[in-house]
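J.: got a sequence here, can you model it:
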Amino acid sequence: MGVSCLAFASHEQAVHHVRSLVLSAAQGYTVAINAEKIVRSQNEAEFGALVRNALVKVPDGAGAQLALRWLQGVRTIKVNFPKAVMEAAAELGDQCRFGIIGSTEESLRKAALEMRRRYPGINLVMQKSGFVPEAELLEELRRSRPRLCLVAMGTPKQELFATRAVRSGISCLFVGCGGALDILSGHAIRAPQWMVDHYLEWLYRLLREPSRWRRQTALPVFLMRLLKAKLTGPELQLPG
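T.: Below is the predicted model of the structure:
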């Protein structure tokens, strides 16, 4: 459907992939792929380019899993990539300078404390709220020199920030993580595992945040386009 996606057979495989990227000094950004982003990539040339230029496209939603299985015959888990990133950083220890950007000061502080509790080997060298000027963030990145950094600003803001940071000469792998830091801090609650397992995480978030309903209108569009791609074979082309 015009969006590549890296399939993972297990969570451990995702952790290994992150470790390999860090040890190879990879730089760039990752993007989590779901039905909404696939539709938006097809509709908006600029957003489509942002997704295509990502170093890693991670299957983050049921839509990505379903499309991979129907169109490519490939099965993948729904990857909790921020968790894989933190585990990889903890395993690498001093080999991986780690940073977190985003959320409020309070949520960030609690997330950092919880991160150190869960992953005692993590080498956390930077934590900075997302509500500061970008110049300040870039300066802190240059000073702290993280090799791996979670960015919780929401899409596409976090990916656009990562793009500008890399272009400014900062050598780092940025992992967009949306609300992961708020979940880690306890300021937000993730869907129960049974809803995640049954592809209903979108419904849980919609019930808790009804204002998200406009974003969910992409789901029937995605399903129609997926069925068309399944029946006709040729991939849908991105604009531009």
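
J.: checking residue 126 next. Helix, strand or coil?
T.: Classification of residue 126 by DSSP: H, G, I helix; E, B strand; the rest coil places it in strand.

J.: and for the closest residue in space to residue 31 that isn't next to it in sequence, the neighbour number?
T.: Ranked by C-beta to C-beta, 6 or more residues apart in numbering and with sequence neighbours excluded, the top spatial neighbour of residue 31 is residue 54, at 4.1 Å. The way it works is simple: take the backbone N, C-alpha and C, and place the C-beta from them, glycine included. By the criterion of other C-beta atoms under 10 Å, residue 54 has 21 neighbours.

J.: one more: residue 69?
T.: Counted with other C-beta under 10 Å, residue 69 comes out at 13.

J.: which helix or strand contains the closest residue to it other than its chain neighbours?
T.: Sequence neighbours aside, residue 75 is the residue nearest to residue 69 in space, at 5.8 Å (criterion: C-beta to C-beta, 6+ apart). Counting by DSSP states H and E, no helix or strand carries residue 75.

J.: for residue 231, same thing?
T.: Under the assignment given by DSSP H and E, the secondary-structure element containing residue 231 is helix 218-232.

J.: cross-check the contact I'm expecting between residue 230 and residue 70.
T.: Yes - using C-beta atoms under 8 Å as the test, residue 230 is close enough to residue 70 to be in contact (5.1 Å).

J.: mind listing what's buried in the host helix or strand of residue 117?
T.: For residue 117, the element it lies in under DSSP H and E is helix 105-118. Within helix 105-118, the residues that qualify as buried by neighbour count (16 or more other C-beta atoms under 10 Å) are 107, 108, 110, 111, 112, 115.

J.: what of stretch 220-227?
T.: Going by neighbour count (16+ other C-beta under 10 Å), the buried part of stretch 220-227 is 221, 222, 225, 226.

J.: quick one, what contacts the residue nearest to the first one when sequence neighbours are not counted?
T.: Okay, so that is residue 221. Taking C-beta to C-beta, 6+ apart, and ignoring the residues beside it in sequence, residue 221 has residue 39 as its nearest neighbour in space, at 5.2 Å. By C-beta atoms under 8 Å, 6 or more residues apart in numbering, the residues touching residue 39 are 218, 221, 222, 225.

J.: neighbours of the closest residue to residue 222 other than its chain neighbours, how many?
T.: Counting by C-beta to C-beta, 6+ apart, residue 35 is the residue found nearest to residue 222 once chain neighbours are left out, at 3.9 Å. A count of nearby residues for residue 35, using other C-beta under 10 Å, gives 25.

J.: ok, the one 3 residues further on next?
T.: Neighbours of residue 38 under the rule other C-beta under 10 Å: 26.

J.: pLDDT score for it?
T.: Looking at residue 38, its pLDDT is 94.
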